[in-house]
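Sequence plus predicted model, see below.
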Amino acid sequence: MTNFFIRTALLPTLGCLALILNACSTSNLMDGDIFNGKAREMPRTPAGSVAYLCDNNAQFYVRFLNNGNDAWIIYPDHEVNLPKQADGRYTNGSAVFTPSMTGATLTDGEKVNFSDCKAQAERKK
């Protein structure tokens, strides 16, 4: 009776479980050939954005939208939309991004204060 149970219920269940676990172990981050062992490098810059590197080694990203009338500031954990003002600054009343050819600045309350930020190359979509 126990051999019948093992052959009909337990072994097929264990076989299916082994196949499922094996399928889960392959990663979709591999670059097409799962056997070459080389992981595909994921882009660090969000698509359509410009990386800014600042004097204190801080980095953030800006995505300009609506023909330059909005600047989305991309932090590691969230994004903030800043509408363009008449004086060329982007602000939502709390955060202020001031682009400049000599060095942009970004302030966001008391926590964020970046200065002398230089724009890097834009990443296309």
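Now that the structure is in, tell me what you want to look at.

Determine how far the last residue of stretch 99-113 lies from the first.
This stretch, stretch 99-113, spans 14 Å end to end (C-alpha to C-alpha, to the nearest Å).

can you pull out the strands in the chain?
Applying DSSP state E to the chain gives strands spanning 50-53, 59-65, 70-74, 79-83, 90-91, 95-98, 104-108, 112-122.

Quick check: which of the ones you listed is nearest to T13?
Of all those, strand 79-83 sits nearest to T13, with 46.2 Å by C-beta to C-beta. Every residue, glycine included, has its C-beta placed from N, CA and C.

quick one, domains of this protein?
1-42, 50-119 (automatic domain parsing).

hey, least reliable of the ones you listed by pLDDT?
Of all these, mean pLDDT reaches its minimum on domain 1-42 (a mean of 58).

pretty sure E79 contacts I73?
Yes - applying C-beta atoms under 8 Å as the test, E79 and I73 come out as touching, 6.7 Å apart.

more crowded one of these two?
I73 (22 against 12; other C-beta atoms under 10 Å).

Can you get me a residue count around the residue nearest to the more buried one when sequence neighbours are not counted?
Closest residue to I73 apart from its sequence neighbours, by C-beta to C-beta, 6 or more residues apart in numbering: V80 at 4.7 Å. By the other C-beta under 10 Å criterion, the neighbourhood of V80 contains 18 residues.
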